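Engineer: I need the structure of the sequence given here:
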Amino acid sequence: MLLATYTGQPLEAGLDEAGRGCLAGPVFAAAVILPPDFSPQFLNDSKQMTARRRELVRREICQEAVAWAVAEASPEEIASINIAQASYLAMHRAVEKLGVGPTHLLVDGNRFRPHPTLPHTCIIGGDGLYRSIAAASVLAKTFRDERMGELAAKFPQYGWEQNAGYPTPSHRAAIRNYGPTEHHRMGFRLL
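Structural biologist: Numbers count the residues shown, from 1 in each chain. Prediction:
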């Protein structure tokens, strides 16, 4: 069972990212503040959920969250500042887009670039422990998958609707055969 809060504060925001290990596309991040009684049946770490369940829970989060926001950092930003810093940048952007100011940030992982005005706590495996981080995980993943599906329509040979830009054998084979696109992360080892 996922925990409602780490600090006991009602405006604690969970943060997570999606797409950090991809060869193509932006890295996405989400920030979510949930009401204390929010507990959908299927909410979990997005990697443990089916695509169908992620979409169902996404709708519940978007309808019932106190506040939520999704942001991204582009492949150009990833190349310029590295993937870790781009992930933090996307998280900071998501926090700044929240319609309600959080009192504390609960971040999935073991590192974070501190926000200039908000305290934070990093939780390794937090997306499987805390509701707000799990909700952020679901939003970051579903919004990123949606974007990669849109890009796949323009670049069908890379299979992004299936692999979401991750380094699968078929994705690497497509890069070998067709070369990289402007959406590929040129600082990554593509082949």
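Engineer: let me see the mean pLDDT of stretch 68-78.
Structural biologist: For stretch 68-78, mean pLDDT rounds to 97.
Engineer: please identify the buried residues of that stretch?
Structural biologist: W68, A69, V70, A71, E72, A73, S74, P75, E77, I78 (16 or more other Cβ atoms under 10 Å). All C-beta atoms are positioned from the backbone trio N, CA, C, and that covers glycine.
Engineer: what's in contact with the helix or strand harbouring V70?
Structural biologist: For V70, the element it lies in under DSSP states H and E is strand 67-73. Contacts to strand 67-73, defined as Cβ atoms under 8 Å, 6 or more residues apart in numbering, come from residues 13, 26-33, 61-62, 86-87, 89-91, 93-100, 102, 135, 139-140, 143-144, 147.
Engineer: can you spell out which helices and strands pack onto the longest helix along the chain?
Structural biologist: The longest helix of the chain (DSSP state H) is helix 131-154. Helix 131-154 sits against strand 12-18, strand 27-33, helix 51-64, strand 67-73, strand 104-108, helix 160-163, with contacts defined as 3 or more Cβ pairs under 8 Å, 6 or more residues apart in numbering; DSSP states H and E.
Engineer: roughly how far out does it sit from the chain middle?
Structural biologist: With Cα atoms, centre = their mean, to the nearest Å as the basis, helix 131-154 stands 7 Å off its chain's centre.
Engineer: angle of that helix against strand 27-33?
Structural biologist: Here helix 131-154 runs at an angle of 150 degrees relative to strand 27-33 (axes from the mean of the first three to the mean of the last three Cα atoms, to 10 degrees).
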